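In: quick one: sequence and predicted model below, then my questions.
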Amino acid sequence: MQEALRKEKPATSEGHAFDLRAALDWLRGQGDLIETEKPVDPDLEITGLQKHMDGGCPVLFNNVKGKPHHRVVTNLFGDIKVINKMFGWKDDAERVKKLAYALRHPLKVAEIEQSAAPCQEHVIERPNDVNEHVVAIRHTTYEPELTVGSAIRCVTGQEFDGGSDLGYNRMNFRWGNVGTFQISPGSHMWQVVNKYYKSKEPVPITMCFGVPPACTLLAGAGFDYAVLPMGCDEIGIAGAVQGAPIRLVKARTVKAMALADSELVLEGYVDPRDRRFETKESEEAGVQGRFHFHPEWAGYMGKAYKAPTFHVTGITMRDPKTKPIIFALGVHTLDDHNIDTTVREAAIYELCERLQPGIVQNVVIPYCMTDWGGCIIQVKKRHQIDEGWQRNFLAAALSCSQGMRLAIAVSEDVDPYSMDDVMWCLTTRVNPQTDILNPIPGGRGQTFMPAERMTAGAKQWTASNTQFEGGMGIDATVPFGYESDFLRPVYPVDRVKPEDFFTKKDIENARSRMLGWVHSLSRTGR
């Protein structure tokens, strides 16, 4: 029965997303890329411009101040419709199901020779100053220093229990070839360094810039570890997403692998015992978790901590004459949100399917739920025995996703992409005495929510001093057997065509005044 419910096959990107350059060429041909030759400053200007066009098409800066040998792309994943088109998904709902399929069907990677690897056309051993070779950015005026946050770590082999891991870690190279390496508590990288913390062995890794877009998606799959546990093959899943194996190559200076089609790679090792302050300001004060630094996914300013360090032993890149491309990712933008939630939605969908197949219809994480903070689970109850599974799904999502604070279950008649429709459900379908759940009070949360940081009181606002307030599940579904009592009116939109009665100009005039919820209601007739 379970296999019969899972007939979906992965769509492929047909070669145009196998590396960043090919993806940009394809986007340019589709009219989905804008670019400029005007000089742009990595200090505030890149993220300021990105925020002006948040949710718009990708932007390529061909002239970066102080970086004559680099280009910068941003907003690459800002428009979810562009992402769907890039990977061959017909709509958002299909994307969730096709990605869930890919999670179960990774493709074996292809290892290539160093001489054939685009990312090793130029090699720098023992670099003195990493900042000379990358593009650090500053998001806001609240931050005292620029940071490097868009590199994707590549951990493979025994360090990851025989599997492969992709993910983000913000870095600040304050000591030439040594920088802080912030690791989210509970993350895959946290699990890796915990294995080595008491030993004298550092952790060899590569940090890859400008990677194949499918790898960028998998790098955003944080805290989905019931579905993507340590030892899983995230690089293989990225291959399944793009429809062809991801290519790896041995690093030149450490025993690690790199994404061969990257634009630039930092090789080195993480030392979990060599911990240093992320900013000079926090170092001089000797205090963690108080001074502003680097925005967080939750929509608040981040804090500077004492972090492990990344020691760079080598830098490889594409031919500098071709100006390697750095994906300068702005945090708390739709670019960042779509990266962090695309695989996450599929992982929560897969989690529900594994608990009881056929009930979950879709999983959506709206922008306002801030990446890891929440989700909307759409279900369809087929018969009486399905009643209650939506609560199991809510409890599982809250328990398996560290730091999730809000999970909402809705029925199949609800548009999960319309927050107005969801709010209507909360207003009209929820019994506050029985439908609001708090399944894990006192569990482990995240230090990125200000309300949770405050639980540390006068102590330093670090992960070890922070308590989790508990996640909230809301059952906003229609009780099975009472569907007629919750029947929504459906107007006959399928029986009439505005074009038969009005001119195109009149229709455009009317529709230009439509805002918010009415778009969802007019489409469905409700």
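Out: Everything's here; your move. Residues are numbered from 1 along each chain as shown.
In: counting residues per helix, which one in this protein is longest?
Out: Secondary structure of the chain read by DSSP state H shows that its longest helix is helix 334-355.
In: show me where the protein dips below the pLDDT cut-off.
Out: Residues of the chain meeting the criterion pLDDT under 70: 1-15, 445, 447, 469.
In: pick out the residue closest to the middle of it.
Out: Residue closest to the mean C-alpha point of the chain, counted by Cα atoms, centre = their mean, is residue 340 at 1.3 Å.
In: residue 190 and residue 184 touch, don't they?
Out: Yes: between residue 190 and residue 184 there is a contact under Cβ atoms under 8 Å: 6.4 Å. In this view, the C-beta of every residue, glycine as well, is placed from N, C-alpha and C.
In: higher neighbour count, these two?
Out: Applying other Cβ atoms under 10 Å to residue 190 and residue 184 shows that residue 184 carries more neighbours, namely 22 against 15.
In: the more buried one contacts residue 193, correct?
Out: No: in this structure residue 184 lies outside contact range of residue 193 using Cβ under 8 Å: 11.4 Å.
In: direction included, what does the following helix or strand past the longest helix of the chain pair against?
Out: Sequence order places strand 360-364 as the next helix or strand after helix 334-355, per DSSP states H and E. If you go by DSSP bridges, strand 360-364 pairs up with strand 374-379 (antiparallel).
In: quick one, the partner strand and helix 334-355 angle?
Out: Angle, strand 374-379 to helix 334-355, by axes from the mean of the first three to the mean of the last three Cα atoms, to 10 degrees: 40 degrees.
In: next SSE downstream of strand 374-379?
Out: Along the chain past strand 374-379, the next helix or strand (assigned with DSSP H and E) turns out to be helix 389-400.
In: run the chain-centre distance for that next one.
Out: With Cα atoms, centre = their mean, to the nearest Å as the basis, the distance from the averaged C-alpha position of helix 389-400 to the chain average is 21 Å.
In: what is it packed up against?
Out: helix 334-355, strand 374-379, strand 406-411, strand 436-437, strand 472-476 (3 or more Cβ pairs under 8 Å, 6 or more residues apart in numbering; DSSP states H and E).
In: only the buried residues of that helix, if you could.
Out: Of the residues in helix 389-400, 389-391, 393-398, 400 count as buried by neighbour count, 16 or more other Cβ atoms under 10 Å.
In: check stretch 86-93 too.
Out: Residues of stretch 86-93 classed as buried: 86-89, 92-93 (neighbour count, 16+ other Cβ under 10 Å).
In: circling back to that earlier point, in JSON lines, list the helices and strands packed on helix 389-400 along with distance to residue 54.
Out: JSON lines is the format used below for these (distance: least, Cβ to Cβ, whole Å):
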{"stretch": "helix 334-355", "distance to residue 54": "5"}
{"stretch": "strand 374-379", "distance to residue 54": "20"}
{"stretch": "strand 406-411", "distance to residue 54": "23"}
{"stretch": "strand 436-437", "distance to residue 54": "32"}
{"stretch": "strand 472-476", "distance to residue 54": "28"}
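In: list the contacts of the residue nearest to the centre of the chain.
Out: 220, 222, 297, 371-372 (Cβ atoms under 8 Å, 6 or more residues apart in numbering).
In: got these as a markdown table, with neighbour count and secondary structure columns?
Out: Below are the contacts of residue 340 laid out as a markdown table (neighbours: other Cβ atoms under 10 Å; DSSP: H, G, I helix; E, B strand; the rest coil):
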| residue | neighbour count | secondary structure |
| --- | --- | --- |
| 220 | 25 | coil |
| 222 | 25 | coil |
| 297 | 22 | coil |
| 371 | 25 | coil |
| 372 | 25 | coil |
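In: tell me which of the residues you listed is nearest to residue 356?
Out: Each of these was checked against residue 356 using Cβ to Cβ; the closest is residue 372, at 24.1 Å.
In: tell me which helix or strand comes right after the longest strand along the chain.
Out: Criterion DSSP state E: the longest strand present in the chain is strand 264-277. Once the chain leaves strand 264-277, the next helix or strand it forms, by DSSP H and E, is helix 280-285.
In: so which bits of that next one are buried?
Out: 281-282.
In: can you list contacts of that helix?
Out: If you take Cβ under 8 Å, 6+ apart as the criterion, helix 280-285 is touched by 144-145, 174, 276-277, 288, 290-291, 293, 304-306.
In: give me that answer again for 7 Å
Out: For helix 280-285, contacts defined as Cβ atoms under 7 Å, 6 or more residues apart in numbering pick out 144, 277, 288, 291, 304.
In: considering those, which possesses the most neighbours?
Out: For those, neighbours were counted using other Cβ under 10 Å, and residue 304 has the most, 27 neighbours in all.
In: please give me every residue in contact with it.
Out: Neighbouring residues of residue 304 by Cβ under 7 Å, 6+ apart: 277-279, 281-282, 291, 293.
In: next one: residue 266
Out: Taking Cβ under 7 Å, 6+ apart as the criterion, residue 266 is in contact with 130, 151, 206-207, 312, 315.
In: what of residue 303?
Out: 289-293, 461.
In: what does residue 351 give?
Out: Residues in contact with residue 351, defined by Cβ under 7 Å, 6+ apart, are 226-227, 396-397, 400.
In: quick one on the thing from earlier: kindly reformat the contacts of residue 340 as TSV containing distance to residue 492.
Out: Compiled in TSV, these are given as follows (distance: Cβ to Cβ, whole Å):
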residue	distance to residue 492
220	42
222	45
297	43
371	40
372	42
